[in-house]
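K.L.:
Need the 3D shape of this:
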Amino acid sequence: MQTSKRQAKALEKLGGLKVFTARDIKLLLNLNQTQTYNLIKSLKKNNHIEIVKKGLYCLKGTDEMIIAPRIIYPSYISFLSALNYYELTDQFSKKIILTTTKRKKYKDYIFVTLKNERFFGYTKIDNIIIAEKEKALIDSLLLPKYSGGIKTIINCFKADLNTKKLYKYAVRINSKSVLRRLGYILEKLDINFNYKLNLGKGYELLDPAKPKKNNYNKKWLLDVNI
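P.N.:
Just a heads-up that it's a prediction; the model follows:
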């Protein structure tokens with residue numbers, strides 16, 4: 001079926017969004033409700049757009065990294081998916097991993113719930129809503145299982161990073177385990193890090209997914225169990 005002028009105009013307008021609702025189409029093209037749904041129907045019939053979920057659409061062939069954060073609002077890509085995006089590791093997750101403040105599941109993606117105060121440090125790159133490089137690492141130190149474990153995360157710190165931002169985000173996320181793991185890793189890699197960290201008391205596991213080793217690091221209050 002040939003693309004009409006209205007369809008062509010809609011596709012041009014929607015190109016900047018990639019993922020959109022019926023309301024977006026209605027406002028962008030100044031249509032009434034009937035015209036909007038007729039246009040959606042014709043765009044679907046011509047294979048120009050796809051249904052993401054009820055009430056949400058995307059242009060045909062839109063990158064999954066663009067679609068994923070629009071599934072649940074608010075959310076952003078983080079953990080191993082972000083580390084791979086930034087080429088900090090060649091490991092990857094079969095399902096895109098995101099953080100959200102909601103407690104919801106979605107079969108095609110992994111959504112990790114964070115407290116509201118820990119939901120920060122993300123940006124938009126080429127329509128992809130994703131953690132900043134440093135925030136992806138801090139999220140990973142908080143919940144290492146979503147980033148392939150501590151060994152994978154340690155290797156990611158060999159990249160060019162903003163240590164001031166790492167410190168800022170580590171403090172803001174309000175987790176003693178993150179501060180300890182961050183300090184230990186930066187010292188291990190001989191990365192200059194002249195910030196005071198409140199580490200609390202007692203010991204925690206460097207990698208919470210692995211058993212205890214009783215290999216205690218007194219400076220960072222960690223059982224180095226890797």
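K.L.:
Distance check, the residue sitting nearest the centre point of the chain against Leu166.
P.N.:
By C-alpha atoms, centre = their mean, the chain has its centre lying nearest to Ile77, at 1.6 Å. Between Ile77 and Leu166 the distance is 19 Å, computed by C-beta to C-beta, to the nearest Å. For every residue, glycine as well, the C-beta is placed using N, CA and C.
K.L.:
wait, doesn't Leu143 sit right on Ile97?
P.N.:
No - Leu143 sits out of contact with Ile97 when judged by C-beta atoms under 8 Å, with a separation of 9.9 Å.
K.L.:
what do those two both touch?
P.N.:
For the pair Leu143 and Ile97, residues contacting each of them under the criterion C-beta atoms under 8 Å, 6 or more residues apart in numbering are Phe79, Val112.
K.L.:
Please say which of these two ends up with more neighbours.
P.N.:
Between Leu143 and Ile97, counting by other C-beta atoms under 10 Å, Ile97 is the more crowded of the two (25 against 19).
K.L.:
Which residue, neighbours along the chain excluded, lies closest to Lys151?
P.N.:
Computed as C-beta to C-beta, 6 or more residues apart in numbering, the closest residue to Lys151 that is not its neighbour in sequence is Ile226, at 5.9 Å.
K.L.:
Same question for Ile51.
P.N.:
The shortest distance from Ile51 to any residue that is not its chain neighbour, by C-beta to C-beta, 6+ apart, is 6.0 Å, and that residue is Tyr57.
K.L.:
And for Pro144?
P.N.:
Closest residue to Pro144 in three dimensions, ignoring its sequence neighbours and counting by C-beta to C-beta, 6+ apart: Ile150, at 5.2 Å.
K.L.:
contacting residues for that neighbour?
P.N.:
Pro144, Arg181, Leu206, Asp207, Ile226.
K.L.:
Just the buried subset of those, please.
P.N.:
The neighbour-count test (16 or more other C-beta atoms under 10 Å) marks Pro144, Arg181, Leu206, Asp207 as buried among the contacts of Ile150.
K.L.:
pretty sure Tyr122 contacts Glu134?
P.N.:
No - with contacts defined as C-beta under 8 Å, Tyr122 does not count as touching Glu134, sitting 11.1 Å away.
K.L.:
Give me the more crowded residue out of those two.
P.N.:
Shown here are Tyr122 and Glu134; by other C-beta under 10 Å, Tyr122 has more neighbours (22 against 19).
K.L.:
quick one: pLDDT of the more buried one?
P.N.:
Among the per-residue scores, Tyr122 holds a pLDDT of 98.
K.L.:
give the contact list for it.
P.N.:
Applying C-beta under 8 Å, 6+ apart to Tyr122 gives the contacts Tyr76, Ser78, Ile129, Ile130, Ala131, Glu132, Lys135.
K.L.:
pLDDT averaged over stretch 28-47, what's the number?
P.N.:
pLDDT averaged over stretch 28-47 equals 94, rounded to a whole number.
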